[in-house]
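1. quick one, structure for this:
(one chain, ligands or ions: 1)
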Amino acid sequence: MAEKSWEMLEGACRGCKKCRLWETRTNIVIGTGNKNADIMFVGEGPGRQEDLTGEPFVGDAGKLLDKMLSAINLSRNEVYIANVVKCRPPGNRDPHDDEQEACLNYLRYQLMLVKPKIVVCLGRIASRVIISPDFRITKDRGKWYDKKGYKFIATYHPSALLRDPSKKRPAWEDFKSIRKMYDSIK
Ligand code: URA
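-> Sure thing, here's the model as predicted:
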């Protein structure tokens, strides 16, 4: 049943033309990792490398994400990783509201299928879509939110850490808190 549902999701995504982003995509980037993970990470949208490979977080931001995961003893095999939008916004611009809206049901469906206990929003866009439209990443990151049986937290997007290394220390605090919560739900 779950296999069938994943097939349906993947089929729908591969044929998706719900917003303009399909016109410029090379590959759709649906998600990767453990489909039964207790923890799911949600980024913003594919960049160039992700568009070329069809895998989320494989460029520089992805390499940093892998390092941060490994610093808290998590590997890609233990987590599920997805994005708010599944097609690359040209030039890596922010996905527009209507593009996020068009893709939201795919993310909802992924959440329903993976059923993680913890959802980590990477950056402002994912936090606003998932936690609250008025979410302020600098002020509200690192806090835990309970909603619909999930525990949510937001932290800086790895690309933001590459642009501004002073954000690495607070992000590390968030990652330690994520590990603690992950241990507590086991
Ligand atoms: N940035 C994201 O938000 N997602 C990716 O998959 C890659 C970079």
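2. okay, CA-based contacts and neighbour counts for the rest of this
-> Will do.
3. okay, helices next: where are they in this structure?
-> Taking DSSP state H as the test, the helices found in the chain are 2-14, 48-53, 60-71, 97-114, 124-130, 137-140, 158-163, 168-184.
4. and the third one, what's buried?
-> Of the residues in helix 60-71, those buried under the neighbour-count criterion (16 or more other CA atoms under 10 Å) are 61-62, 64-66, 68-69.
5. ok, and of these, which contact the ligand?
-> With CA under 6 Å from any ligand atom as the criterion, the buried residues of helix 60-71 include Ala61 near the ligand.
6. what residues are bridge-paired with the closest residue to Ile131 other than its chain neighbours?
-> Leaving aside its chain neighbours, Ile131 sits nearest to Phe152 (7.3 Å; criterion: CA to CA, 6 or more residues apart in numbering). Beta-bridge pairing for Phe152 (DSSP bridges): Val119, Tyr145.
7. any idea how far Phe152 is from Lys180?
-> Distance, Phe152 to Lys180, by CA to CA, to the nearest Å: 13 Å.
8. out of these two, which sits in the busier spot?
-> Remark: of Phe152 and Lys180, Phe152 carries more neighbours, 22 against 12, as counted by other CA atoms under 10 Å.
9. what is the burial count for the residue lying closest to Asn92 once chain neighbours are set aside?
-> Leaving aside its sequence neighbours, Asn92 sits nearest to Gly47 (CA to CA, 6+ apart; 5.9 Å). If you count neighbours by other CA under 10 Å, Gly47 ends up with 23.
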